[in-house]
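Enquirer: Give the three-dimensional model of this entry:
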Amino acid sequence: MATVAGKQDMPPAGGYKAIPYKRIPAKQYFSGTAIIAAYLGFTAGGFYLYYLNRVAVFKEELERRSGRLAIHPLLLAERDREYLKQIRRNRDAEKELMKNVEGWKVGTYYGEPIYETKPEAFIEPTFNDYYVHSNIWDQLKRRYFVFLS
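Expert: Next up, the predicted model:
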């Protein structure tokens, strides 16, 4: 068999280039002084924007508190008014329900006062007395804060 004489791979004439093994430092875009100055500038700008935001939030909170304080007495009056209207509805419902019972006087149990009688004092009804003629689901919602449909 005939063998083909191959050309051996040899180094180039004059040898290979030297291998770079020394550290090549990265290119610096900013000096240390410039970085510190930029940090201080951004921090000062951030504090200024924070101050402006804090002033705006304070003004909004002041407006919200003022509105809440202004409307609070009105809401309390409406709540008390609805409370008294419900007590009136309860009394009227009792009067209608017991109109055929002989000797029944509204607010008493067969003529016997249930509560201590104080003509000038308002005696608040118990929770069950307040919700006596209402839907049971309304009573459960109010008592247990359960949001039932």
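Enquirer: Asn90 should be in a helix, yeah?
Expert: Yes. Residue state for Asn90 (DSSP: H, G, I helix; E, B strand; the rest coil) corresponds to a helix.
Enquirer: thought it was touching Pro125?
Expert: Yes. Using C-beta atoms under 8 Å, Asn90 is in contact with Pro125, at 7.4 Å. To be clear about C-beta, it is placed using only N, CA and C from the backbone, and glycine gets the same treatment.
Enquirer: mind listing the helices for this structure?
Expert: Remark: helices assigned in the chain by DSSP state H are 32-97, 127-130, 136-144.
Enquirer: Parallel or antiparallel, which strands does the lowest-mean-pLDDT helix or strand in the chain pair with?
Expert: One helix or strand of the chain scores below all others by mean pLDDT, DSSP states H and E: strand 112-113, with a mean of 72. Taking DSSP bridges as the criterion, strand 112-113 forms sheet pairs with strand 108-109 (antiparallel).
Enquirer: residue contacts, Glu60?
Expert: Glu60 sits next to no residue when contact means C-beta atoms under 8 Å, 6 or more residues apart in numbering.
Enquirer: From Gly46, how far off is it?
Expert: According to C-beta to C-beta, to the nearest Å, Glu60 stands 21 Å off from Gly46.
Enquirer: same thing with Lys22?
Expert: 42 Å.
Enquirer: Next: Glu96.
Expert: The spacing between Glu96 and Gly46, counted by C-beta to C-beta, is 70 Å.
Enquirer: next one: Ile114
Expert: 68 Å.
Enquirer: same thing with Arg89?
Expert: For Arg89, the distance to Gly46 (C-beta to C-beta) stands at 60 Å.
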